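# Got a predicted model here, sequence first, then my questions.
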Amino acid sequence: MKKQILATVLSASMAVGMCVVPVSAEEAETYTVGICQLVQHEALDAATQGFIDALTEEMGDQVEILEVQNAQGDSNTCSTIINDFVSKDVDLILANATPALQAAAAGTSEIPILGTSVTEYGVALGIDDFDGTVGGNISGTSDLAPLDQQAAMLNELFPDAKNVGLLYCSAEANSQYQVDTVQAALEELGYTCTQYAFSDSNDLSSVTTTAATESDVIYVPTDNTVASNTEIINNICLPAEVPVIAGEEGICSGCGVATLSISYYDLGVATGKMAARILGDGEDISTMPIEYAPEFTKKYNADICATLGIEVPEDYVAIGAEEEAAEEETEEAATEEAATEENAEEEAAEETEEAAE
């Protein structure tokens, strides 16, 4: 666990035998962190990066982050990764996505576990009447967006639609929770809803084809299997002219028209700060409630909306627009700085010439 770096000063006396002077030592503590990420896609990658950036900013060289272990979407591989972390006696585990969290919870009850990109901890961990604090050695952050507001977004954009298909992976418990919640909200708004569950990526194409044939609009929740296979969904739904409302931005950028989404990078940052409080400040993880994203933004996929002829309200932000604006600001700042330096050099040269004259 803690690595102790000992600076030891020894002296010896040869009078009667070998005598060792008592050791004086200085201790410096470092901590190891293991990261298990379910699969590689934009949202989870951003959460992991945010976690690493925040934790290293808070603790610097006190933290050694082991290589990020990617389970390639397989829950059994998550268990293998977690068992390796436990054998290495790491100080903290980051479990990125629900199957990673479930594997970590099964793998250790001693090492602190922080989850991120987990939608609903009560569902993921089988906790009845979940009150917001897991207890034991687990806490973390949730990527749950307001599901009733996602239903309202669908209604805002497609008020004349009748049939809504709810497309999700049946192997992900949090996806079932999301579609059940959204379905209830949509049915209150007068829509007819049908759930279309696929077991893994192998039957995603056939299930999506059926959903696109029978639906006016499709809703997909925050779902890791969907996030890794948005091209399949887009190649079916776009030619069929069936719009997709997505649970998060990464999915929307691949196959959706609009989403009410969070910043997964910011979610990772919040998780990294929690880790710093546990490792650096000694905060008790068992008392730390699950934290949620502070902001949600209505975003839309400009290309797909244009192809389908969908006009979005003015309060929606095009995906990528914020990043482009930030890049333009950076370029403008760099240009201004270069111009200032150039002016300063010209003024200095003029002053030198005047002094020479």
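Perfect, thanks for sending it.

# What count of nearby residues applies to residue 145?
Other residues near residue 145 come to 23 when the count uses other C-beta atoms under 10 Å. Every residue, glycine included, has its C-beta placed from N, CA and C.

# Begin at 52, not 1, for the rest of this chat.
Sure, I'll start counting at 52 from here, so that last one is residue 196.

# Would you enumerate the residues in contact with it?
Contacts of residue 196 were listed using C-beta atoms under 8 Å, 6 or more residues apart in numbering, and they are 273, 298-299, 311-313, 344, 347.

# got it, and residue 247?
Here residue 247 is in contact with 216-219, 258-259, 261-262 (C-beta under 8 Å, 6+ apart).

# Among those residues, which lie within helices?
258-259, 261-262 (DSSP state H).

# Among these, which one lies nearest to residue 229?
Checking the ones in helices among the contacts of residue 247 against residue 229 by C-beta to C-beta gives residue 262 as the nearest, at 15.8 Å.

# pLDDT at the closest one, what is it?
For residue 262, the model assigns a pLDDT of 98.

# ok, now residue 388?
Per-residue confidence (pLDDT) for residue 388: 63.

# related to what we said a few turns ago, among the ones in helices among the contacts of residue 247, which one lies nearest to residue 361?
Out of the ones in helices among the contacts of residue 247, the one with the shortest distance to residue 361 is residue 262. That distance is 18.7 Å, counting by C-beta to C-beta.

# Against residue 217, how distant is the closest one?
Using C-beta to C-beta, to the nearest Å, one obtains 8 Å as the distance from residue 262 to residue 217.

# joint contacts of those two?
Between them, residue 262 and residue 217 share the neighbouring residues 245, 247, 269, with contact defined by C-beta under 8 Å, 6+ apart.

# one step back: can I get the ones in helices among the contacts of residue 247 in a markdown table including distance to residue 188 and neighbour count?
Converted to a markdown table, the ones in helices among the contacts of residue 247 look like this (distance: C-beta to C-beta, whole Å; neighbours: other C-beta atoms under 10 Å):
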| residue | distance to residue 188 | neighbour count |
| --- | --- | --- |
| 258 | 37 | 20 |
| 259 | 39 | 28 |
| 261 | 43 | 16 |
| 262 | 40 | 27 |
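
# Out of those residues, which is nearest to residue 278?
Minimum separation from residue 278 among the ones in helices among the contacts of residue 247 (C-beta to C-beta) is found for residue 259, which lies at 14.2 Å.

# give the contact list for that closest one.
218, 247, 249, 283-284, 287-288.

# Do you know the pLDDT at residue 95?
Looking at residue 95, its pLDDT reads 95.

# for residue 92, same thing?
pLDDT, the model's per-residue confidence, is 89 for residue 92.

# ok, now which ones touch the residue nearest to it when sequence neighbours are not counted?
Closest residue to residue 92 in three dimensions, ignoring its sequence neighbours and counting by C-beta to C-beta, 6 or more residues apart in numbering: residue 278, at 4.5 Å. Under the criterion of C-beta under 8 Å, 6+ apart, the neighbours of residue 278 are 90, 92-95, 299, 301-302, 305.

# in this protein, what secondary structure element scores lowest on mean pLDDT?
strand 63-64 (a mean of 36; mean pLDDT, DSSP states H and E).

# any idea how far residue 340 lies from residue 200?
Going from residue 340 to residue 200 by C-beta to C-beta gives 22 Å.

# What's the mean pLDDT across the host helix or strand of residue 156?
In this structure, residue 156 is located in helix 149-158 according to DSSP states H and E. Helix 149-158 shows an average pLDDT of 97 in the prediction.

# show me the contacts for residue 141.
Applying C-beta under 8 Å, 6+ apart to residue 141 gives the contacts 83-85, 117, 162.

# pLDDT at the closest residue to residue 199 other than its chain neighbours, what is it?
When the adjacent residues along the chain are set aside, residue 199 lies closest to residue 236, with 4.7 Å between them (C-beta to C-beta, 6+ apart). Model confidence at residue 236, given as pLDDT, is 98.

# For the residue nearest the centre of the chain, list the residues it contacts.
The chain has residue 98 as the residue nearest its centroid, 3.0 Å off, counting by C-alpha atoms, centre = their mean. If a contact means C-beta under 8 Å, 6+ apart, then residue 98 has 147, 167-168, 194, 315-316, 318-319, 322 as its contacts.

# repeat that with 6 Å
For residue 98, the contact set (C-beta atoms under 6 Å, 6 or more residues apart in numbering) comprises 147, 167-168, 315, 318-319.

# ranking the residues you listed by neighbours, who comes first?
With neighbours set by other C-beta under 10 Å, the maximum within the contacts of residue 98 is found at residue 147, which has 33 neighbours.
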